[in-house]
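Undergrad: Would you be able to build a 3D model of this:
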Amino acid sequence: MVIIKRKVIQIANSTQLISLPRKWALKYDIKKGDELDVDEDGYKLLITTGTVPTTKEIEVDVSGLTPRLADRFMARSYQKGYDMITVQYDNPETAIAIQNKVKELLGFEIMEQNKSTIIIKSISSKLNIDFDSSLRRAFLIVMDMANTCLEAFTKADKKTLENLYYKDFDVNKFCYFCLRFINKGFHGGSGTYILYYLVESLEDVGDEYKMLAKHLAKVKNKNKKNLLDVLFKVNELTKIGYGFFYKPEKEKAVRGITLYKEAREEIRNLFVTRDANEAAALNSLDLIARGVYHFPTMRLDTLKGLGG
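TA: Here you go, the predicted model:
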């Protein structure tokens, strides 16, 4: 939800007016003489156009694609704001992948299915969830994945590491919803393009923590100490990125950039390893560091007195 301030204009002795946000009026084609619905709710006034938004539909043919590519193609259609997605497919494995992916699409369900077609549709025009809550939830799940990785690897808890990938489903679900929310035009604040990129980066970070846990579960004990040191720094960087996003402070930005350089230097030095699982874990740590590095650096414009 975007809060916009409006001054009250006094007309004669009794009439008071406020202006409509121009961007909103243009988006919904509000013209002189149009009637709007005003719903009074205590101290709140809800202004709506009184018209039902048009449904965006798309047909996607994923025949010949791998199940992985097919489900990503469909997820992108959801993120772009389509309300009904008709998917044409040519093998049962693809159908299963699509069915599983729908579980990550908030507010969507499979309405029809046959041997070659699946129709997925939005079943709710207004979910009981907002952008800010979804984004914060995604951040917190990623933070939990980071902490779980560190604790489980320290204790050599392979089962917990192997099961961590379940948490990434929820990261995807909330990040996909945020991307859809932005593409639908519901988030009209400044810096929308940067925010979109940051949400995508957060989803990628969740993916890499999932992969990191998988690789750490296979790392031999003799290689643990160096990886633990790097993992601790990368997790600290993730925590700083989260903190800076919601409360930008110069000290956090400086600390985040310093940690990023230190972590990547250690990762480069450790890449001489001949252990395939350790190398894969280092690669995931490097990708996580690069992903969360964007959270403070791309929002430096929110800091006041940065040059001071």
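
Undergrad: Please make it C-alpha for all contacts and neighbour counts, starting now.
TA: OK.

Undergrad: helices or strands next to the strand or helix carrying residue 268 in the packing?
TA: Using DSSP states H and E, residue 268 maps to helix 250-270. With contacts taken as 3 or more CA pairs under 8 Å, 6 or more residues apart in numbering; DSSP states H and E, helix 250-270 sits against helix 224-246, helix 276-297.

Undergrad: Quick check: which of the ones you listed is buried the most?
TA: Compared across the helices and strands packed on helix 250-270, helix 276-297 shows the largest average neighbour count, a mean of 22 (mean count of other CA atoms under 10 Å).

Undergrad: what's the average pLDDT for that one?
TA: Mean pLDDT, helix 276-297: 90.

Undergrad: which helices and strands sit right next to that helix?
TA: Where contact means 3+ CA pairs under 8 Å, 6+ apart, helix 276-297 is packed against helix 192-216, helix 224-246, helix 250-270.

Undergrad: relative orientation of the first one and helix 276-297 in degrees?
TA: Taking axes from the mean of the first three to the mean of the last three CA atoms, to 10 degrees, one finds helix 192-216 and helix 276-297 inclined to each other by 160 degrees.

Undergrad: Could you tell me how far helix 192-216 lies from the centre of the chain?
TA: Taking CA atoms, centre = their mean, to the nearest Å, one finds helix 192-216 lying 8 Å from the centre of the chain it belongs to.

Undergrad: And for that helix, what's in contact with it?
TA: Helix 192-216 is contacted by residues 135, 138-139, 142, 145-146, 149, 153, 161-162, 164-165, 168, 171-172, 175, 178-179, 182, 277-278, 280-281, 284-285, 287-288, 291-292, 294-295, 298 when judged by CA atoms under 8 Å, 6 or more residues apart in numbering.

Undergrad: The last one now?
TA: Contacting residues not belonging to helix 250-270 are listed as 226, 230, 233-234, 236-237, 240-241, 243-244, 282, 285-286, 289-290, 293, 296-297, 300, 303, 306 [CA under 8 Å, 6+ apart].

Undergrad: can you state the direction angle for that helix and helix 276-297?
TA: Helix 250-270 and helix 276-297 meet at an angle of 160 degrees, taking the same axes, to 10 degrees as the criterion.

Undergrad: what is the orientation angle of helix 250-270 with helix 224-246?
TA: Put simply, helix 250-270 runs at 150 degrees to helix 224-246, going by the same axes, to 10 degrees.

Undergrad: Okay, the closest residue in space to residue 59 that isn't next to it in sequence and residue 172: tell me how far apart.
TA: Nearest non-adjacent residue to residue 59, counting by CA to CA, 6 or more residues apart in numbering: residue 86, 4.6 Å away. Distance of residue 86 to residue 172, given as CA to CA, to the nearest Å: 21 Å.

Undergrad: how deep is residue 63 tucked in, by neighbour count?
TA: Close neighbours of residue 63, defined as other CA atoms under 10 Å, add up to 15.

Undergrad: Show the model's pLDDT score for it.
TA: Here, the pLDDT recorded for residue 63 equals 93.

Undergrad: helix/strand/coil for it?
TA: State at residue 63, reduced to three classes by DSSP: H, G, I helix; E, B strand; the rest coil: coil.

Undergrad: again, but for residue 6
TA: Three-state call for residue 6 (three-state DSSP): coil.

Undergrad: For it, give me its contacts.
TA: Residue 6 makes contact with 18-19, according to CA under 8 Å, 6+ apart.

Undergrad: Can you tell me how far it is from residue 274?
TA: Counting by CA to CA, the gap from residue 6 to residue 274 is 63 Å.

Undergrad: Any regions of the stretch 51-200 of the chain where pLDDT drops low?
TA: Applying pLDDT under 70 to the stretch 51-200 of the chain flags the ranges 51-54, 125-128, 187-191.

Undergrad: now the strands: where do they sit in it?
TA: Secondary structure of the stretch 51-200 of the chain by DSSP state E, counting those that start in this stretch: the strands cover 57-61, 84-88, 108-113, 117-122.

Undergrad: For residue 94, which non-adjacent residue is spatially closest?
TA: Distances taken as CA to CA, 6+ apart place residue 67 nearest to residue 94, at 4.4 Å, with adjacent residues excluded.

Undergrad: who's in contact with the one you found?
TA: 93-95, 97-98.

Undergrad: Identify the residues contacting the residue nearest to the spatial centre of the chain.
TA: Taking CA atoms, centre = their mean as the criterion, residue 175 is the residue nearest the geometric centre of the chain, at 2.4 Å. Counting by CA under 8 Å, 6+ apart, residue 175 touches 134-135, 138, 199-200, 202-203.
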